[in-house]
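Undergrad: Requesting a structural model of the entry that follows:
(2 chains)
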Amino acid sequence: MREEIKQIQRLLEEQIYIADAAIATALYLSMVLGKPLLIEGPAGVGKTEIAKALANALQTRLIRLQCYEGLDATTALYEWNYPKQLLHLKLEESSTASETEKEAMIFSEAFLLKRPLLQAITEHERAPVLLIDEIDRSDEEFEAFLLEVLSDYQVTIPEIGSIKATHRPHVVLTSNRSRDLSDALRRRCLYHWIDYPSLEKELEIVRAKVPAIEASLARRVTEVMQATRSMSLSKIPGVAETLDWANALVALKAPELNEEIVAETLGCFLKDESDVAAFKAELPRICTDV
Amino acid sequence: MSDEEVEKVVLFCRELRAHGLSVTPAEAVTATTALQVIDTTDSYEVFVSLRSILTTSVDDFPIFEEVFKRFWNSSLSTRTTVRIQGTLPRQTSKGLAFFLENWGSSFSAGAQPIKVPGASDTESATAKDFSEFTNEELEEVSRLARRMVRRLARKPSRRWRPVKRGHRVNLRRSLRLSLKTGGELIDLMYKERRPKRTKLVVLCDVSGSMDIYSRLLLQFVYGLQNSFAKVESFVFATSLARITGDLKNKTYKRALDRLSANVRGWSGGTRIGASLAMFNELWLRRIDKRTVVIILSDGWDTGEPEKLAAALSLLNRRAGRLIWLNPLLGSADYAPVTRGMQAALPFINVFAPAHDLASLRALEPHLVL
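TA: Numbers count the residues shown, from 1 in each chain, chains lettered A, B, ... in the order given. You can find the predicted model right below:
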C-alpha cells in the first residue's frame, strides 16, 4: 500500500474515524487528482463524518452546504447584504458621488454575503473541505449549477466579475440515493459506497467512540444491532444509532443486556412505531440467539 | 507509465463497456493518471482506485468486480459478450388495432352504452362503473382530467421569480432600480413563488384484458394531454408506443384514428415488464423527481414478474411518485394476487382504483408532489 494512503488512514484514526483501505484510497485519489468525491450509502453509516474527520485531520476549515429542495444560488453561493446597502445609500445621500460611483460602492465585496460555495472558493489560508451534504435532496437546477462550479472552481458575480479559487477545496458530496443523480455529476466525481459495517468493524467503532463501555457489553450491543439489521424494518438503524444506544447504556450504567433493558432503550435505534412492534416480537429470540 | 500499461487500461475499459458499464474516454484518462500515483503492486489498491473512477453507482460494483478479477488475473481476455436477441411471440388474437378501431367506430355511432357482463349496477353518475358509460359521460371524464391538471399547475414551488406586482419585495431588483433615483426606494420590484412544474407521464395498458376500461382511460389521458401542463403519454400491450403527438388532436375521434394506425400489428396480449423496460430504455432520462408516473393497468402480465419488478424499481427511484391505477381494484372481491401485481407492489407509491369518476377525482391529491 502506498505510504500516503497509510498516512491518511492514520490521520483519520487520530480523529477517531475507523477508515478502511478503500475509503482512504478514495480520499487520496480525490486529493491527488483534484476531483470531488461522491459518497453514497444508507443513512447513518458515517458519510458526513468522513468530511468532518478529514477537515480535522488536515487541520483545515470544514464548510458545509446542506442541500434541500429549492436550494438556489442566493443561499448556496452569495447574496447582497441589502440592509447594509440601504443604510449606506442613506448615509451617502448628501455626497456628490455619481450614480455609477455609488453603484460600484454598494456592489463591492464589503456588501457581499458569502454563502458556503463562495466561502470555499475564497478561503485564503489553505484548501478547505467543502461538504455538500445530501445532494440527492436538492433539485436538478441546483445540480446543474453545482456542476458548473465544480468544473472550474470559478464563479462569476455580474457586479464584481469572476472569482477564481485561491485553493481548490477538497469536495465531498454525500447522497442517500433518494433519487438518482445526473450522469454528468456522477462522472465528474470519484465514487465511493459505504455499507453497514461488519461486526468486527462496528465493534471497533463502538470501542473507539464510546471508550467508557465494557468490552463484553460493546460486543453484545454490536451483535444485537447486526441482528436487527437483518430484520425487514422500514428504517434500518445505522452506526450513529448504535453509538447513541451504547452511550445511553453507559449513562444508565447497564451492566449487561437483558430483555428488559433492551425494551426500555430500544428508542435509541428504532425510530418507527411499526419497527418497534416488529422488533419486540423478535426480542426474546434476539436476546438469546446472539 | 509504459505504453503497455496504458493499453491495458484502455482494454480494461473496453471490457467494462462490453459488459454494460458506460466508461467515458475522460474516465479512462483519469484511470491511467491514477495508476501513476498509486502502488500498482498492491492489487487491492488498484481495484478500489479503478472502481472509484470507473463506476458511478454501487449497482455497477458486481459487474466491475467480476470483470476486474477476470481481466487482471488472466490479463488480456478476448472473450466477447454474446447478446441474446429475443423475438416477441406473435399472437394471432384480434389484436390491439382491432380494438382501437372499434372504439373509434362505436364512438361515432352515437350515444350507446357499452354493455359489459358483470358491471356494477349502481346508478349515480360518479359511482357508475366505466364499463357502462355513455359518450356524454365520457366527455365528463375529459373535463375532469383537464380540471385536475389546471389545479395542479397552480401549486407554488420553492423557487422564486421576479414579477411586477406581488406581495414579497424583490430587494435585489428594487435596490438596483433605486440607484436611478439616487438611492431612494421609490418603485419596488416584487417576487413570487414560481408555479410547481409537475410533469405527468401516463402509461396506459391497452391489451385485450383492459379492453372495457381502455377506451375510457384513454379518454382520461386525452384530457390530461390536452391541458397546458407537461404530459407525456404512452400506450402498451406487448410493446410500447408514445402517443403524445397522436393525442394532441382537435377531436378524440381523430386522435383515436391516428392511434390505431400507429399500433396496428400489436397482439392482444400483455407484457408489462418488457414494455416498461422499453420505456426505461428510451425515456428514463426524461424522468425526474418532479415527474409523476401513472400506470393504468390491471396487472395481468404474461411476462416474467422479475422483469416487471426490475423495471418498476428503476422507475420508482427516478420518479417523484409512481402511481398504479388498477380498474379491477374497484370491485370488492378483487385482490392483487397475480404474480405481476405482487412483484410490482413494493415499488408503487400509490395503488388505487380507476373504475369510476370518483376514483379518478380521488387521484388529485396524489398528483401534487
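
Undergrad: Now do the SS call for residue 253.
TA: Because you didn't say which chain, this covers chain A. At A:K253, secondary structure determined by DSSP: H, G, I helix; E, B strand; the rest coil is coil.

Undergrad: Tell me how far it lies from chain B.
TA: Per Cβ to the nearest Cβ, to the nearest Å, A:K253 is found 40 Å from chain B. Any C-beta I mention is one placed from the backbone N, CA and C, and that applies to glycine too.

Undergrad: Now that residue. Its backbone dihedrals?
TA: Main-chain torsions, A:K253, degrees, to the nearest 10: phi 60, psi 40.

Undergrad: same check, this time on the one 3 residues further on
TA: According to degrees, to the nearest 10, the main-chain angles of A:E256 amount to phi -150, psi 170.

Undergrad: List the residues that contact it.
TA: By Cβ atoms under 8 Å, 6 or more residues apart in numbering or on different chains, the contact list for A:E256 reads A:S216, A:L217, A:R220.

Undergrad: do A:A73 as well
TA: A:F145.

Undergrad: Next one: it relative to B:R172, how far apart?
TA: Counting by Cβ to Cβ, to the nearest Å, the gap from A:A73 to B:R172 is 11 Å.

Undergrad: what's stretch A:276-284 in contact with?
TA: A:T228, A:M231, A:S232, A:L233, A:E259, A:V262, A:A263, A:L266, A:G267, A:L270, A:I286.

Undergrad: Out of these, which two sit at the greatest distance?
TA: Greatest spatial distance among these (Cβ to Cβ): A:S232 and A:E259, at 21.3 Å.

Undergrad: Compare neighbour counts for these two and give me the winner.
TA: Neighbours were counted for A:S232 and for A:E259 using other Cβ atoms under 10 Å in any protein chain shown; A:E259 has more, 13 against 7.

Undergrad: Now that one: phi and psi?
TA: Backbone dihedrals for A:E259, given as degrees, to the nearest 10, come out at phi -50, psi -40.

Undergrad: Remind me which helix or strand the closest residue to it other than its chain neighbours belongs to.
TA: Sequence neighbours aside, A:C287 is the residue nearest to A:E259 in space, at 5.1 Å (criterion: Cβ to Cβ, 6 or more residues apart in numbering or on different chains). Element membership for A:C287 (DSSP states H and E) is helix A:273-289.

Undergrad: Report the buried residues of that helix.
TA: Neighbour-count burial for helix A:273-289 flags A:D275, A:A278, A:F279, A:I286, A:C287 (criterion: 16 or more other Cβ atoms under 10 Å in any protein chain shown).

Undergrad: which residue sits closest to the first one, ignoring its sequence neighbours?
TA: It refers to A:D275. Per Cβ to Cβ, 6+ apart, closest to A:D275 is A:L233, 4.5 Å.

Undergrad: May I have the residues that are in contact with the one you found?
TA: A:L270, A:D272, A:D275, A:A278, A:F279.

Undergrad: What are the phi and psi values at residue 245?
TA: This is for chain A. According to degrees, to the nearest 10, A:W245 has phi -70, psi -50.

Undergrad: not quite, I wanted chain B
TA: Torsion angles, degrees, to the nearest 10, at B:G245: phi -70, psi -40.

Undergrad: Show the average pLDDT along the host helix or strand of B:R215.
TA: Taking DSSP H and E as the criterion, B:R215 maps to helix B:211-225. Taken as a whole, helix B:211-225 carries a mean pLDDT of 79.

Undergrad: Now do it: which elements does it pack against?
TA: Here helix B:211-225 touches helix B:96-108, helix B:135-153, strand B:199-205, strand B:230-236, helix B:244-247, helix B:252-262, strand B:291-296, going by 3 or more Cβ pairs under 8 Å, 6 or more residues apart in numbering or on different chains; DSSP states H and E.

Undergrad: what about B:L185, distance to chain A?
TA: 7 Å.

Undergrad: For B:R194, which three-state class applies?
TA: Going by three-state DSSP: B:R194 is strand.

Undergrad: Counting neighbours, what do you get for whichever residue of chain A sits closest to chain B?
TA: Scanning chain A for the residue nearest chain B gives A:G70, at 2.6 Å (criterion: Cβ to the nearest Cβ). Neighbour count for A:G70, taken as other Cβ under 10 Å: 17.

Undergrad: Now do the SS call for it.
TA: Applying three-state DSSP: A:G70 is coil.

Undergrad: For it, which residues are in contact?
TA: A:D139, B:S157, B:R158, B:R159 are the contacts of A:G70 under Cβ under 8 Å, 6+ apart.

Undergrad: tell me the pLDDT at it?
TA: 83.

Undergrad: rewinding a little: would you check the distance separating the helix holding B:R215 from the middle of the chain?
TA: 17 Å (Cα atoms, centre = their mean, to the nearest Å).

Undergrad: where does the stretch 201-350 of chain B have low pLDDT?
TA: Residues of the stretch 201-350 of chain B that meet the criterion pLDDT under 70 lie in B:228-229, B:249-250, B:263-268.

Undergrad: For the residue in chain B that chain A sits nearest to, what is the enclosing helix or strand?
TA: Of all residues in chain B, B:R158 sits closest to chain A, at 2.6 Å by Cβ to the nearest Cβ. B:R158 is part of strand B:156-163 when elements are defined by DSSP H and E.

Undergrad: Tell me the gap between that strand and the middle of its chain.
TA: Centroid separation for strand B:156-163 versus its chain: 26 Å, with Cα atoms, centre = their mean.

Undergrad: How about the residues of the stretch 101-250 of chain A by chain B?
TA: Counting by Cβ under 8 Å from any Cβ of the partner chain, the positions of the stretch 101-250 of chain A adjacent to chain B are A:102-103, A:106, A:139-141, A:177, A:179-180, A:183, A:186-187, A:190-193.

Undergrad: Of these, grab the buried ones for PyMOL.
TA: PyMOL command restricting those to the buried ones, with burial defined by 16+ other Cβ under 10 Å:
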select buried, chain A and resi 102+103+106+139+177+179+180+186+187+190+191+192+193
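
Undergrad: residues contacting the closest residue to B:K289 other than its chain neighbours?
TA: Using Cβ to Cβ, 6+ apart and skipping residues adjacent in sequence, the residue nearest B:K289 is B:G320, 4.6 Å away. Counting by Cβ under 8 Å, 6+ apart, B:G320 makes contact with B:T198, B:D288, B:K289, B:R290, B:T291, B:V292, B:L369.

Undergrad: The first one: what's it in contact with?
TA: Listed by Cβ under 8 Å, 6+ apart, the contact partners of B:T198 are B:L152, B:A153, B:K155, B:A229, B:K230, B:R290, B:T291, B:V292, B:G320, B:L367, B:V368, B:L369.

Undergrad: Count the neighbours of the last one for me.
TA: Summarising burial for B:L369: neighbours were counted as other Cβ under 10 Å, giving 18.

Undergrad: How about the contacts made by it?
TA: Neighbours of B:L369 in contact, by Cβ under 8 Å, 6+ apart: B:K196, B:T198, B:K289, B:R290, B:V292, B:G320, B:R321.

Undergrad: Tell me the most packed of the residues you listed, by neighbour count.
TA: B:V292 leads the contacts of B:L369 on contacts (other Cβ under 10 Å) with 23 neighbours.

Undergrad: Ramachandran angles for the closest residue to that residue other than its chain neighbours?
TA: In this structure, B:V292 finds its nearest non-sequential neighbour in B:R321, 4.8 Å apart by Cβ to Cβ, 6+ apart. Main-chain dihedrals, B:R321, degrees, to the nearest 10: phi -160, psi 140.

Undergrad: Same question for the one 5 residues further on.
TA: As for B:N326, its main-chain torsions (degrees, to the nearest 10) stand at phi -120, psi 110.

Undergrad: ok, what's across the strand from it?
TA: Beta-bridge pairing for B:N326 (DSSP bridges): B:P353.

Undergrad: That one: neighbouring residues, count only.
TA: 24.
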